[in-house]
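> Any chance you could fold what I've pasted below:
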Amino acid sequence: MAAREKLSKWFLSVAATTLHNTLDAMKLAPGLVRKPRLVRHWLLTAHWAQLILLCVLLLMSSGVPEWFDSTTEVATAPPTTSEKLQRFFDNLTSRQDQEPRQEVSHTVLWGSSAVIVLFTFFLQLPRAVSTASLTARRDEKQADRLKKQDPSQSVLLYHSALALTLDPQQEATLQNKIAAINKLPGRADDIEQTVIIHNTGNNAGQNTIAERYRLADEIGRGAMGIVYQAHDTLLERDVALKQLAPHLAHDPAFTERFVREARALAKLSHPNIVQVFDFINADSGIWIAMELVNGEELEDELAPGIPLAMETCIKLGIQLSNAMGYAHSNGVIHRDFKPANVLVLANGDTKIMDFGLARIVQSSGYTQVGTVMGSAAYMSPEQASGKTTAPATDIYAFGVTLYRMTTGKLPFNGDPQSIVAQHLSQTPVAPRQHNTGIPEELNKLIIQMLAKVPGERPSSMPEITQQLQRVPMVDSEENNIATITADV
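Coordinates of the predicted model:
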């Protein structure tokens, strides 16, 4: 009697919990329409539902339908002796046709199993929303800490939190915080642009910096500064003059970051890196005088879905790996390597620019561990998780760039938060699956460069240069045909 009472109480408890979860899930379900990332979180964390689904799939392929057929038939219409004999002879002749009654029983069995699985997933919805809300609050707190020192990363985390919460109050708070950061001066363009010549006119202005540099046209503008074409009256040459944005000049943290860019670049003298000439701290502001380069961004030459010729990929790859290897040997990590930061000159040579996020290895105190900088599409897993970066970080970003050059596609796509998550957890499709014209040696190299663990990537940029030099050249026409075949 006591066992029956316990069983009855347990059944009532389960029924009450199920009813409560069902009502909660019905309230939450409409909000999922606008939260695709939350839907993915729900489906991936419904472990009980996944287990039941697995059991159903395994059992339904191991004789359950036959058992169900016989049980249903015996329960509804016990066979007579003549029917048993007829069934015996049918089995001897291996008759495969299903009777209408069997078809109905199979439909009922599969339909009821599907309903049970879907209902179990549905019951997991409140728990999934609750765990996602905790993750959202954790992202929000981290964004609050980074708001002053790195607004870009802060906005990224706020958007990540917004994609995971269904709480109207929290959504409104996050939207207000995002709007507040977007209203900050200089947020119109969050990517630094440097020494890009769109207008080569030399309309001399009246302003002179440090009694030496005469300003002309504005040629670039970014979150940290403005770039002008200028004339060096002492050495009689045109230069690019970058000024720290005036609204940031009073902030010691931003000023130090800008000074660090100048010092990092001043150490580098390489034909494939934009050269720094001078650093000026004047009453008019803080300036860097740099080499003036007439070229186009590599980004502009990468059409969606169309790879570059393989010879071009290898040629540019060798130049870029040489330049990055030289920078690494001087203790400089780019940390934001991508096609938008590579200029391609008219003769086909390249120039790497915008070491604005570079970190001098010997001065690690300038960059706090946990601060994430860089562009989502090219961000290494360790950089995305806020860990300390190393040359392997640039190797990963270079691997993404080679992937895009050879396939016309990025390894991961979606919104910034989704891309970062994929960098952390997913393995990209091999480049040769997009373009069969890629030599196998290059395909393996790119896959290795995109390894999640830094230690599994090539050990250095010089090693990558050597591997690129060993890649056999492929006929351009053959490569194009292979690409079209792969896309079809």
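
> just the strands in the protein please.
208-209, 213-221, 225-232, 237-244, 276-282, 285-291, 296-297, 332-333, 342-344, 350-352, 359-360 (DSSP state E).

> need those strands in CSV with distance to Cys55 and mean neighbour count, can you?
Any C-beta I mention is one placed from the backbone N, CA and C, and that applies to glycine too. CSV is the format used below for these (distance: least, C-beta to C-beta, whole Å; neighbours: other C-beta atoms under 10 Å):
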stretch, distance to Cys55, mean neighbour count
strand 208-209, 74, 17
strand 213-221, 60, 19
strand 225-232, 60, 23
strand 237-244, 63, 22
strand 276-282, 64, 17
strand 285-291, 64, 21
strand 296-297, 54, 16
strand 332-333, 50, 23
strand 342-344, 53, 22
strand 350-352, 55, 22
strand 359-360, 51, 19
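
> least reliable of those strands going by mean pLDDT?
When these are ranked by mean pLDDT, strand 359-360 comes last with a mean of 44.

> for the stretch 301-450 of the chain, which spans come out with low pLDDT?
Scanning the stretch 301-450 of the chain for pLDDT under 70 picks out the ranges 356-374.

> tell me, how many neighbours does Pro30 end up with?
9 (other C-beta atoms under 10 Å).

> Which residue, neighbours along the chain excluded, lies closest to Cys313?
Met405 (4.7 Å; C-beta to C-beta, 6 or more residues apart in numbering).

> And the one you found, how far from Pro431?
Using C-beta to C-beta, to the nearest Å, Met405 is found at 10 Å from Pro431.

> picking up where we left off before, which one of the strands of the chain lies closest to Ser133?
Ser133 lies closest, by C-beta to C-beta, to one member of the strands of the chain: strand 359-360, at 34.8 Å.

> For Ser380, which of the strands of the chain is the nearest?
Comparing those under C-beta to C-beta, the one sitting nearest is strand 332-333, at 10.9 Å.

> Output the contacting helices and strands for that closest one.
The helices and strands touching strand 332-333, judged by 3 or more C-beta pairs under 8 Å, 6 or more residues apart in numbering; DSSP states H and E, are strand 359-360, helix 391-407.

> Quick one: the ones you listed as a markdown table, columns for distance to Glu236 too.
Shown next, in a markdown table, are those (distance: least, C-beta to C-beta, whole Å):
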| stretch | distance to Glu236 |
| --- | --- |
| strand 359-360 | 32 |
| helix 391-407 | 36 |
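
> Name the stretch among the ones you listed that sits most buried.
helix 391-407 (a mean of 26; mean count of other C-beta atoms under 10 Å).

> For that helix, name the packing helices and strands.
By 3+ C-beta pairs under 8 Å, 6+ apart, helix 391-407 packs against helix 310-329, strand 332-333, helix 381-384, helix 431-434, helix 440-449, helix 461-469.

> What is the third one packed up against?
Identification of packing neighbours for helix 381-384 by 3+ C-beta pairs under 8 Å, 6+ apart yields helix 391-407, helix 416-425.

> Helix 391-407 and the shortest one, what's the angle between them?
What that stands for is helix 416-425. With axes from the mean of the first three to the mean of the last three C-alpha atoms, to 10 degrees applied, the angle from helix 416-425 to helix 391-407 works out at 110 degrees.

> circling back: can you say which of the helices and strands packed on strand 332-333 is nearest to Cys313?
helix 391-407 (4.7 Å).

> Quickly list the domain ranges of the chain.
Each domain of the chain is listed here as a residue range: 38-70+104-123, 138-182, 208-291, 297-487, per automatic domain parsing.

> returning to what we had before: which one of the strands of the chain lies closest to Glu140?
Between Glu140 and the strands of the chain, the tightest spacing by C-beta to C-beta is seen for strand 359-360, at 26.9 Å.

> Apart from its chain neighbours, what residue comes closest to Thr465?
Using C-beta to C-beta, 6+ apart, the closest residue to Thr465 is Ser321 (4.4 Å).

> That neighbour: neighbour count?
Neighbour tally, Ser321, other C-beta under 10 Å: 26.

> who's in contact with it?
Phe398, Met461, Pro462, Ile464, Thr465, Leu468 (C-beta atoms under 8 Å, 6 or more residues apart in numbering).

> Among those residues, which pair sits farthest apart?
Among the contacts of Ser321, the pair separated by the greatest distance (C-beta to C-beta) is Phe398 and Pro462, at 12.7 Å.

> re earlier: make JSON lines from the contacts of Ser321 and add distance to Lys267 to it.
Below are the contacts of Ser321 laid out as JSON lines (distance: C-beta to C-beta, whole Å):
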{"residue": "Phe398", "distance to Lys267": "20"}
{"residue": "Met461", "distance to Lys267": "16"}
{"residue": "Pro462", "distance to Lys267": "18"}
{"residue": "Ile464", "distance to Lys267": "22"}
{"residue": "Thr465", "distance to Lys267": "20"}
{"residue": "Leu468", "distance to Lys267": "25"}
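
> Let me know the closest of those to Val332.
Closest to Val332, out of all of those and judged by C-beta to C-beta, is Met461, at 11.8 Å.

> what's Leu302 in contact with, if anything?
Here Leu302 is in contact with Leu308, Pro339, Arg404, Met405, Gly408 (C-beta under 8 Å, 6+ apart).

> same deal with Ala289?
Tyr213, Ala230, Asp232, Val239, Ala240, Leu241, Val276, Phe277, Asp278, Phe279, Ile280.

> how about the nearest residue to the third one, chain neighbours excluded?
When the adjacent residues along the chain are set aside, Asp232 lies closest to Val239, with 5.3 Å between them (C-beta to C-beta, 6+ apart).

> The last one now?
Take Ile280 and drop its neighbours on the chain: the residue closest to it by C-beta to C-beta, 6+ apart is Trp287, 4.2 Å away.

> Quick check: beta-bridge partners of the one you found?
Beta-bridge pairing of Trp287 under DSSP bridges involves Gln243, Ile280.

> For the remainder of this discussion, apply numbering that starts at 49.
Will do, 49 is the new start, and the previous item becomes Trp335.

> residue contacts, it?
Ile257, Ala258, Tyr261, Leu289, Lys290, Gln291, Leu292, Phe327, Ile328, Asn329.

> Serialize these to CSV and add fields for distance to Leu316.
Below are the contacts of Trp335 laid out as CSV (distance: C-beta to C-beta, whole Å):
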residue, distance to Leu316
Ile257, 23
Ala258, 22
Tyr261, 21
Leu289, 18
Lys290, 16
Gln291, 21
Leu292, 20
Phe327, 14
Ile328, 19
Asn329, 21
